[in-house]
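Q: starting from these lines, generate the structure:
(chains A, B, C and D)
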Number of protein chains: 4
Amino acid sequence: MKQKEIRSDIAWATPKQVVIHGLDLCEDIVGKLDFGQMAFLQIFGRMPEQNELRMFNAMMVILVEHGITPSSLATRMTYCGAPESVQAAVAAGLLGLGSVFVGSLDNAARLLQESLPEGNDADLDISALASEIVASYRSRKEIIPGIGHPFHKPIDPRTPALFKVARETGFDGPYIRLMEALGREAERQANRALPVNVTGAMAAVASEMGISWRICRGLAVAARSVGLVGHILEEMRQPMAETLYLRIEHEAGAHLRPADQS
Amino acid sequence: MKQKEIRSDIAWATPKQVVIHGLDLCEDIVGKLDFGQMAFLQIFGRMPEQNELRMFNAMMVILVEHGITPSSLATRMTYCGAPESVQAAVAAGLLGLGSVFVGSLDNAARLLQESLPEGNDADLDISALASEIVASYRSRKEIIPGIGHPFHKPIDPRTPALFKVARETGFDGPYIRLMEALGREAERQANRALPVNVTGAMAAVASEMGISWRICRGLAVAARSVGLVGHILEEMRQPMAETLYLRIEHEAGAHLRPADQS
Amino acid sequence: MKQKEIRSDIAWATPKQVVIHGLDLCEDIVGKLDFGQMAFLQIFGRMPEQNELRMFNAMMVILVEHGITPSSLATRMTYCGAPESVQAAVAAGLLGLGSVFVGSLDNAARLLQESLPEGNDADLDISALASEIVASYRSRKEIIPGIGHPFHKPIDPRTPALFKVARETGFDGPYIRLMEALGREAERQANRALPVNVTGAMAAVASEMGISWRICRGLAVAARSVGLVGHILEEMRQPMAETLYLRIEHEAGAHLRPADQS
Amino acid sequence: MKQKEIRSDIAWATPKQVVIHGLDLCEDIVGKLDFGQMAFLQIFGRMPEQNELRMFNAMMVILVEHGITPSSLATRMTYCGAPESVQAAVAAGLLGLGSVFVGSLDNAARLLQESLPEGNDADLDISALASEIVASYRSRKEIIPGIGHPFHKPIDPRTPALFKVARETGFDGPYIRLMEALGREAERQANRALPVNVTGAMAAVASEMGISWRICRGLAVAARSVGLVGHILEEMRQPMAETLYLRIEHEAGAHLRPADQS
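A: Below you'll find the model as predicted:
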């Protein structure tokens, strides 16, 4: 069989040296770079400028912790059964970061990146483009990704916080303008509050930073894994998983059990 | 059924506000904290001092990327079959961070923390304690966790890099002294090079920072999830998983297939 | 907060009794039902007729073992790092059963079930319907799910094996006729061998049995988990994961390492 | 680098043929073997005798469904977030099958297999051995795996059901005698009801069948994956995950939220 070549350009090591994206781990990274710089290096394959780093950090910190969610509950349930496998508890929590909760991030980024493939087109009429996109989604009765939030309304407070950093770091370009225009246009056409939510804001910022929509979910996953470790720590100190499952088992099966057993 | 109470102290939200470990996400975190500070906050429940942050960052960056490993290969194999589920690819890579590759971190931290439960005891004879521990492991023919490395020898270059940061940040306390003494003592009793490896060094530093051995694996998992996103990005650009599995399938089954089919 | 009710109708237990889908585990199931009957009971919520059971078993056995695949390699890589967590090794192998390898099963079942929502319509012109579907996929340059195979050609031998059981058990209805017509029509329009592959055959049989396309992947996942346990057993006896990752690490990084270190 | 050989003996394929453990998939398996036989074949690498098959099926069916557990809740939570990744929902549920819920199966099997390495020793005094083992666990204040159950007491009804099949199939050998003796001896020494639980009974039967304790958890994982598909199906029809997480989020954070927001 003809052998196709394989290669990886991320890292190499000798007994005395470890090199990651061209930097010597022991000389250039440990004690020199912080966790945000290292994450940037691993994602972009190069060191960030100061403004890039601030923008990247703002995105990452917003993704770490979302409280009690299906994801953190899956982590706690798994830890309850397999406390010796902390890695499995984190993994279980990551597995639900799919189409319902994080998918709108990918989808919004894809919408932006496919609508503005060039990135920066000075002559473009952003408002007209937004109007067209919103009308198209509405005609297909599809939800516009990145728009509207069931709880954080009338505005999602994370969106202005993120866009403020984008302005301060020079990342307030056409993707953010398009995202904001989509929000305005959606509100106008639906005649109700439909602000840009946090995933729409993240998608716009990621697009400004040149991050492909295909990997946006990866950033969310990496940041959330930090958050899930925090939930495991709390589950160690003040567990809720066992109490919860016994309660749920009791309630869910109440109609099936003989009356004298309930 | 009597209802046991459940509670979580990590985060809460109203429509206008998200609060994490007492900090307002939009006012105090986004644009203010970097990813390392946020990870520290999530793990410790408080903001770090400057020296703590530097030490913590040094630990986290060292755990991000380890090249082509069973873990990154599991991620790439999973991405090859389910490219739409980036979260599943990251999770698959985390699942192998168990007893063989990361377990020595927990085990070394446990050994240190159980050997020095008080943390700081000025009168303690560290050398005598190390001698006793090494002799005990040797009599049971058990491997001392955190000692020796099959590839990075005679010394693991990450250990002095990490201990240098520990000295510069004031974290060079009794756990590091005990770890170093274990290395010296193991070399003396076995009469061959048995230096402190990176997991031993990490375990000592984590112990100095007051991180329980029970959650050390969690830090490794969180950091590695960042690294695995980098492997997914590379697999997107220059895939190796399909080539590999076809090769392996061909080779592993060669002895079974009829000769004219090989 | 108003409490929405939750309920589960699958199982209930008292200290003396366990009841699953209305059957007493100790009286009616253990020693009475085999694994295939139990799987049918769990999926359909009722006991199978003899012909249903034979058809169901035929589907399940075909899904168990597919040799060295990205999925079984992810399991082996994970076992190599976490041999104490067999559950994690199985889970890692399942995670890649996504759009590339198993997704065509769901997609083919969805195509069939949405094309023939009534299931059985005597007046329907299956050939005309197939011709229209194939033309529509071709005009969008999309692959028709369940049709064609890169290795098993000109025919996938599993398809006639499965359809033979369908004829013998009375499950050779309109979904199978449509699937076969899609294969013929695809071959005609593309003018090359495009037979119904195993996922197309499975999709047709599942549709005949009344299994929603939404859960077809679940059957594949359950069956494959049995297969992955077999790979873990073999990896215990004659491991390949460590050899493989060292080889791949060596080859993938050869271009990066200094010449005297390769 | 010298290349170590790799090989797999499970399966091979040509375009026209798939062979699994020496059987032709299309000729000998599909339509001929049921799911239980196929699982036996995959685990043992050979076809079962009739009595073996009945015993094996009894073990497998008992492991499929355990109602609302941390495991099925992790599956439902994951499905709620990623309904497009059924494989991830199953995997998430498997990940908690660790030391707390399934570990006692491995541990009990290990205890039996290490206590009776020869399997069948006619001269052995089982009672004396059991007495010694129980005393040893009690002196270390360790729980004897496979003994006692918090809910199914004074006896676990699954144990006599399984042992009845063992008697009927000729698998009632020394491991079952030792397990029963351990239960009696534990009750005597502790002076309270400590019957053999289902994991103890499974461990004894698996040992009689020659299944290594190292893979017992794998059987549980494979069987449970079938059960988890049933929970996904129910979650599709009558979801509980969203209701649950909203409830839990509300309750767990009640003490943190401003009074006017609760």
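Q: need the pLDDT of A:Lys4.
A: Per-residue confidence for A:Lys4 comes out at a pLDDT of 83.
Q: contacting residues for the residue nearest to it when sequence neighbours are not counted?
A: Nearest non-adjacent residue to A:Lys4, counting by C-beta to C-beta, 6 or more residues apart in numbering or on different chains: B:Thr243, 4.4 Å away. No exception for glycine: its C-beta is placed from N, CA and C like everyone else's. Listed by C-beta atoms under 8 Å, 6 or more residues apart in numbering or on different chains, the contact partners of B:Thr243 are A:4-6.
Q: and for A:Thr75?
A: Taking C-beta under 8 Å, 6+ apart as the contact definition, A:Thr75 lies against A:89-90, A:92-93, A:228, A:231-232, A:235.
Q: now A:Ile215
A: Contact analysis of A:Ile215 by C-beta under 8 Å, 6+ apart lists A:43, B:86, B:229, B:232-233, B:236.
Q: just these: which are in helices?
A: A:43, B:86, B:229, B:232-233, B:236 (DSSP state H).
Q: among these, name the buried ones.
A: Of the members of the ones in helices among the contacts of A:Ile215, the ones counted as buried by neighbours, 16 or more other C-beta atoms under 10 Å in any protein chain shown, are A:43, B:86, B:229, B:232-233.
Q: which of the residues you listed sits closest to C:Ala201?
A: B:Val86 (30.6 Å; C-beta to C-beta).
Q: how far away is the closest one from chain C?
A: Taking C-beta to the nearest C-beta, to the nearest Å as the measure, B:Val86 falls 11 Å from chain C.
Q: that residue contacts B:Ala92, doesn't it?
A: No: in terms of C-beta atoms under 8 Å, B:Val86 does not count as a neighbour of B:Ala92; the distance is 10.8 Å.
Q: thinking again about what came up before, let's see if you can find the most crowded of the contacts of B:Thr243.
A: Highest neighbour count within the contacts of B:Thr243, by other C-beta atoms under 10 Å in any protein chain shown: A:Ile6, with 17 neighbours.
Q: which ones are touching that residue?
A: With contact set as C-beta under 8 Å, 6+ apart, A:Ile6 has these partners: B:240, B:243-244, C:248, C:251-252.
Q: name the helix or strand for it, please.
A: Secondary structure here is read from DSSP states H and E; on that basis A:Ile6 sits in neither a helix nor a strand.
Q: buried sites along stretch A:154-166?
A: Judged by neighbour count using 16+ other C-beta under 10 Å, the buried positions of stretch A:154-166 are A:155-159, A:161-163, A:165-166.
Q: show me which residues of stretch A:216-236 are buried.
A: Applying a neighbour-count criterion of 16+ other C-beta under 10 Å, the buried positions in stretch A:216-236 are A:216-235.
Q: and it, does that touch chain C?
A: No: Stretch A:216-236 lies apart from chain C when judged by C-beta under 8 Å from any C-beta of the partner chain; the minimum separation is 12.8 Å.
Q: so that stretch, near chain B or not?
A: Yes: contact of stretch A:216-236 with chain B is found when judged by C-beta under 8 Å from any C-beta, involving A:217-219, A:221-223, A:225-234, A:236.
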